[in-house]
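Visitor: Return atomic coordinates for the entry below.
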Amino acid sequence: MKPTHIEHIGIAVKSLEEAIPFYEKVLGLECYAIEEVVDQKVKTAFFKVGDVKIELLESTDPEGPIGKFVEKTGGGMHHLAFAVEDVQEALNDAAEAGCQLIDKTPRGGAEGLKIGFLHPKSTQRVLTELCGNK
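Guide: You can find the predicted model right below:
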């Protein structure tokens with residue numbers, strides 16, 4: 001596996017409505033998309049900084065992964081996402097290298113990307129997402 005670039009940085013927030021103004025008014029960024037990913041129980045907002053995206057994540061269900069994360073931590077940096085050519089191949093490579101997988105096969109993510117997560121227990125305590133078009 002060789003990531004091509006950092007695709008996005010995921011930040012969990014209690015409320016998109018409360019968080020978006022900081023990124024727009026203080027940092028001068030533009031929220032270019034808001035999307036709900038129903039099966040992940042999350043609503044996302046995207047900003048672009050150079051070639052890297054910031055993804056704000058608001059839970060749509062307190063029992064979903066973002067809801068539990070915000071309840072436990074209050075929110076903040078949630079994951080780091082790397083772009084890869086082929087998500088399934090990258091997941092296979094990670095497993096062969098000894099990483100614990102959260103996703104053994106890719107699933108659908110925001111912006112129509114295929115995604116798969118590596119468990120933070122095997123990634124230096126950073127929830128790591130692999131994403132791409134295939």
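
Visitor: phi, psi of Gly132?
Guide: When quoted as degrees, to the nearest 10, the phi and psi of Gly132 stand at phi -180, psi -180.

Visitor: List the contacts of it.
Guide: Ala83, Val84, Glu85, Asp86, Val87, Ala90, Leu113, Lys114 (CB atoms under 8 Å, 6 or more residues apart in numbering). (Each C-beta comes from the backbone N, C-alpha and C, glycine too.)

Visitor: and with 6 Å instead?
Guide: Gly132 makes contact with Ala83, Val84, Val87, Lys114, according to CB atoms under 6 Å, 6 or more residues apart in numbering.

Visitor: Please apply the same query to Asp61.
Guide: By CB under 6 Å, 6+ apart, Asp61 lies in contact with Lys41, Gly67.

Visitor: One more: Glu85?
Guide: Applying CB under 6 Å, 6+ apart, no residues contact Glu85.

Visitor: Helix, strand, or coil at it?
Guide: coil (DSSP: H, G, I helix; E, B strand; the rest coil).

Visitor: gap between it and Asn92?
Guide: For Glu85, the distance to Asn92 (CB to CB, to the nearest Å) stands at 13 Å.

Visitor: can the contacts of Gly132 go into CSV with extra columns for pLDDT and neighbour count?
Guide: Below are the contacts of Gly132 laid out as CSV (pLDDT from 0 to 100; neighbours: other CB atoms under 10 Å):
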residue, pLDDT, neighbour count
Ala83, 97, 19
Val84, 97, 26
Val87, 97, 25
Lys114, 96, 19
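
Visitor: What is the nearest of these to Val52?
Guide: Ala83 (10.1 Å; CB to CB).

Visitor: That closest one contacts His8, correct?
Guide: No: applying CB atoms under 6 Å, one finds Ala83 not in contact with His8, separated by 8.9 Å.

Visitor: now the strands for the protein?
Guide: In the chain, the strands defined using DSSP state E lie at 5-13, 33-37, 42-49, 52-59, 76-83, 107-108, 114-118, 128-132.

Visitor: deepest of those strands, which one?
Guide: strand 128-132 (a mean of 23; mean count of other CB atoms under 10 Å).
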